[in-house]
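**Student:** below is the sequence, then the predicted model.
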Amino acid sequence: MVRGKTPSVHITEGNAGDIMRKTPVMPVVGGGKNLMQPVAVRDVAEAFRVAVESRDLGSKTYELGGPEIFTFNQIVRIIAKVTNKKGYSFLFLSRS
C-alpha cells in the first residue's frame, strides 16, 4: 500500500472524466508525481461487506489498493486515452 499525506483520491466518471471532456486542461496540485494504487469500487464494496459481516471488527484498519501503482499524472493520461481526449495539458498548481 502506498502511503502519503493524502490517503485517497476518488476519481469517477463524474469528476475527472467530466473535467477532461469539458476542458483542455487538468488542474494538478503539486507535481502530480504522488503515488496511488487505484482500486475498483466493486472491490471496495466487497471488502466493506466482508468487514461488516466479520464478528471481529474491533478497531481494525483495512488498507485497500489495487495491484498497480501509478502517479496521478499517469492516471490522468489513462483517463485521457480512455475518453479519447487528444492534446490534453496539465495545469500544475503549487501547494500553499
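**Tutor:** Perfect, thanks for sending it. Numbering: from 1, shown residues only.

**Student:** could you point out the helix or strand that follows the lowest-mean-pLDDT helix or strand in the chain?
**Tutor:** None of the helices or strands of the chain scores lower by mean pLDDT, DSSP states H and E than helix 16-22, at a mean of 71. Per DSSP states H and E, the first helix or strand lying C-terminal to helix 16-22 is strand 25-29.

**Student:** and that next one, which strands flank it?
**Tutor:** strand 89-93 (parallel) (DSSP bridges).

**Student:** can you show me the CA trace of the strand it pairs with as PDB?
**Tutor:** Extracted in PDB, the C-alpha atoms of strand 89-93 (Å, rounded to 0.1, in the frame of the first residue of the first chain):
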ATOM      1  CA  SER A  89      -2.500  19.500 -20.900                       C
ATOM      2  CA  PHE A  90      -1.800  19.700 -17.200                       C
ATOM      3  CA  LEU A  91      -2.100  22.900 -15.200                       C
ATOM      4  CA  PHE A  92       0.200  22.500 -12.300                       C
ATOM      5  CA  LEU A  93      -0.800  24.400  -9.100                       C
END
